[in-house]
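[1] Take this sequence and fold it.
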Amino acid sequence: MELMSTLLLVCVGLLSGIGGGLTQAWKPCTDLLPLDFLSRVLPGGGKALSGVRLVQDKGARGLQLAGPHRALSFPASQLFINCPFFPTEFSIVVTLKVSQGAPKKNEYILTLVEEQSDRLLLGLRYSQDRVHFLFLGPGGRERLTFRAIQLVDNQWHTLVLSITGSYVTLTVDCGTPLEQLRERTFPAALSTQGSRFYIGNRRRWKGLFSGLMRQLVLLPGSDATSRVCPSSNPKLAVLSIPQALLHLPIQPFENEVLMYPYESNVRVTLGSRPSCTHAERGQLWFDSLKRGLFLCDSMTWVPLLEGKERLDYVEDYQDLYTNSKSFDIEVFQIPSEGLFAATADWESKPGSGIYKWVEGKFEPFQNISTFQAQAWKYFTVGNKMFLAVANSRAKDQEEKELSVIYKWSSSRRKFLPYQTLETHSARDWEAFSINGEAFLAVANHRKGEHNHNINSVIYKWNPGTKLFEVNQTIETSGAYDWEFFNIGPYHFLVVANTFNGFSTHINSIIYIWLGGMFQPFQAISTFGATDWEMFQIGDRIFLAVANGQKFYEKVPSLYAINSTIYELNMTTKTFLRFQDIVTYSAVDWEFFTIGDEKFLVVANSFDGTSHSLNSVIYRWQGYEGFVPIHRLPTTGCIDWEFFTSTEGSYLMYSSATQPLSKVFKLKTY
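    Numbering: from 1, shown residues only. You can find the predicted model right below:
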């Protein structure tokens, strides 16, 4: 009650200072709801608005204005119903894109104009490198100017102009706010009676907005910066956007013609494959060599007209000399940085290497101290990028074995240590998400020299502590690999169990997510299993296991054994044997696609006498299953990675016997 009395006294004092004639009881001018100006001028039901076009550019839609039409305005009385004064504290949020060829003169984003006199009461406008906020103060027109603001660059930008007391701030793309301190506060008695808001103009051709506008919102009584920032896409940060700009315009029932004039600001790129991100969404790429036309959907190039690629032959492309013999390669893409490869190197000095793809080759980028590293895993949690290494020994004999999660630092452009987790001769990390929650599973191989029957651990990301914490432990036997996959609404995790202390002939287990944890779903008999690879061809779902060796106590090991591809049987709801393939101490399968063709490549590592032998590429032949088509000479091959770049498609393998990894280029026709 005391607070309400104070507010009433303040309002009564304010009204008495404005002048006579206003004797009605004071009511709030506005509430704190965002006032979406664009939605107020766009008609509903898909009806067209004269002089307005919907244009898509760089993955977002905006309004393009053809003139200062009265339809692009509305009376201020629609907003200020209870009292005719503009709020003293407020924010204006605008998302716009202006081409580099825009005129150098000022252009208006929003104005408030007195109808009878054409006097400008309030306005927001920009020029080549400045943003101006104009308003009618007690002594006449006043102007606030922010300099060195680059908006005319053919990019989307989101601006938040906030006025609170004597402070005026401008935030561009959720960056550092620019602040001005004024001697006087914004006028408390800026009357809106008999005035009208105009979008993109001030009721005349001069100063007409020439770009695209996606968002224009007034938020009374509050700084909107915290509502729109931080954002995963700060150039397109959202407070309130009209439905017409979120989705394609509504189509009438009688025909297929759009009632809104709609177009896409499309450009066609020729030459090698360009990047396809949210910024290129809706753009076209014509591959002149393969005579294909592709559309960017913000993640990948979708073929519209395509001469399908076919694998011709495999070319020895690059020798990548590593710090020592390597047990794993992880190829990954960092947005705005490029393509990288991390090798899990055996020696602790200088550690494991991270390489960056530069002009069609991998070049050294960063060294990270590791301890008999076995595997890397790149993953993201929200907008954070991580790289986890599986270390198989401790730094010193007295210390625990620790595997490390590294976080990408955008400012320092390198991976920095983030979290350590106790592991036991770790062989693999698997990262996945379930219902928006992030998980990380480690394959613990053995504890000490002989205890292989130990727990592997599944960690869950805690958004509060921003750390991975133990969520579940699962009994495993010499675990070597985890593979996560989804089938419809169901989530699965399969482990490759290698050795139980007596034999490699043991069950590997498929688990299903039920009741907030993984439960056993199916046991599959394996022989020293080292890898699982899940893939889908059409509506058929497969699991391929790499069997390493047959070993029993006092019996010589067998390395030339079958690895097996299993297919999900929808009737029995189990994976059944589909095809056996003879492999030689196989340690990895890699599935990849070129054009319409599907392939599997196996890492053959040892035949009982030599590590120098062929690894094989198999092609899907439908009824015949997978048939061998290429044999690649490899030495100690332990891991395959398929990746693509603007230059083409590649296969890369790591060697567990020498400090040399190789990159092969897949030549197509």
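[2] what sits against Asn471?
    Phe439, Ile458, Tyr459, Lys460, Met517 (Cβ atoms under 8 Å, 6 or more residues apart in numbering). Every C-beta, even on glycine, is put in place using the N, C-alpha and C of the backbone.
[3] how about a cut-off of 6 Å?
    With contact taken as Cβ atoms under 6 Å, 6 or more residues apart in numbering, Asn471 is in contact with Ile458, Lys460.
[4] Please renumber the chain so that the first residue is 48 from this point on.
    OK, 48 is where the count begins now, so the last one is Asn518.
[5] Can you tell me how far it is from Trp560?
    11 Å (Cβ to Cβ, to the nearest Å).
[6] And for Ala485?
    14 Å.
[7] low-confidence ranges in this structure?
    48-79, 91-97, 116, 148-151, 294-318, 325-326, 335-338, 353-354, 445 (pLDDT under 70).
[8] That one: helices as residue ranges?
    49-65, 84-88, 272-275, 290-293 (DSSP state H).
[9] gap between the last one and the chain center?
    Which is helix 290-293. 22 Å (Cα atoms, centre = their mean, to the nearest Å).
[10] Contacts for it, please.
    So helix 290-293 is in contact with Leu89, Arg108, Arg261, going by Cβ under 6 Å, 6+ apart.
[11] Let me have the residues you listed in JSON lines, extended by distance to Ser458 and neighbour count.
    JSON lines is the format used below for the contacts of helix 290-293 (distance: Cβ to Cβ, whole Å; neighbours: other Cβ atoms under 10 Å):
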{"residue": "Leu89", "distance to Ser458": "41", "neighbour count": "21"}
{"residue": "Arg108", "distance to Ser458": "33", "neighbour count": "22"}
{"residue": "Arg261", "distance to Ser458": "29", "neighbour count": "24"}
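[12] With distance to Ala473 added, can I get those residues in CSV?
    Formatted as CSV, the contacts of helix 290-293 follow (distance: Cβ to Cβ, whole Å):
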residue, distance to Ala473
Leu89, 56
Arg108, 47
Arg261, 47
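[13] Can you tell me the closest non-neighbouring residue to the most centrally placed residue in the chain?
    Centroid-nearest residue in the chain: Asn430, 7.0 Å away (criterion: Cα atoms, centre = their mean). Leaving aside its sequence neighbours, Asn430 sits nearest to Ser279 (Cβ to Cβ, 6 or more residues apart in numbering; 5.5 Å).
[14] just Asn533 next, same as before
    Per Cβ to Cβ, 6+ apart, closest to Asn533 is Phe539, 7.3 Å.
[15] Give me the neighbour count for the one you found.
    Residues within reach of Phe539, counting by other Cβ atoms under 10 Å, total 21.
[16] What about Gln583, how many residues nearby?
    13.
[17] Can you give me the distance of the closest residue in space to it that isn't next to it in sequence to Asp104?
    Once flanking residues are discounted, Gln583 sits nearest to Phe589: 7.2 Å by Cβ to Cβ, 6+ apart. Remark: distance between Phe589 and Asp104 (Cβ to Cβ) = 41 Å.
[18] Please apply the same query to Arg249.
    25 Å.
[19] who's more crowded, those two?
    Asp104 (25 against 21).
[20] Against Pro382, how distant is the more buried one?
    20 Å.
[21] got it, and Tyr368?
    In terms of Cβ to Cβ, Tyr368 sits 28 Å off from Pro382.
[22] just Gln421 next, same as before
    Where Pro382 is concerned, Gln421 sits at a distance of 27 Å (Cβ to Cβ).
[23] Contact partners for Ile534?
    Here Ile534 is in contact with no residue (Cβ under 6 Å, 6+ apart).
[24] Quick check: bridge partners of it?
    Tyr537 (DSSP bridges).
[25] Could you verify my assumption that the residue nearest to Asn430 touches Thr427?
    No - assessed by Cβ atoms under 6 Å, Ser279 is found out of contact with Thr427, at 10.9 Å.
[26] ok, these two, which is more surrounded?
    Thr427 (15 against 10).
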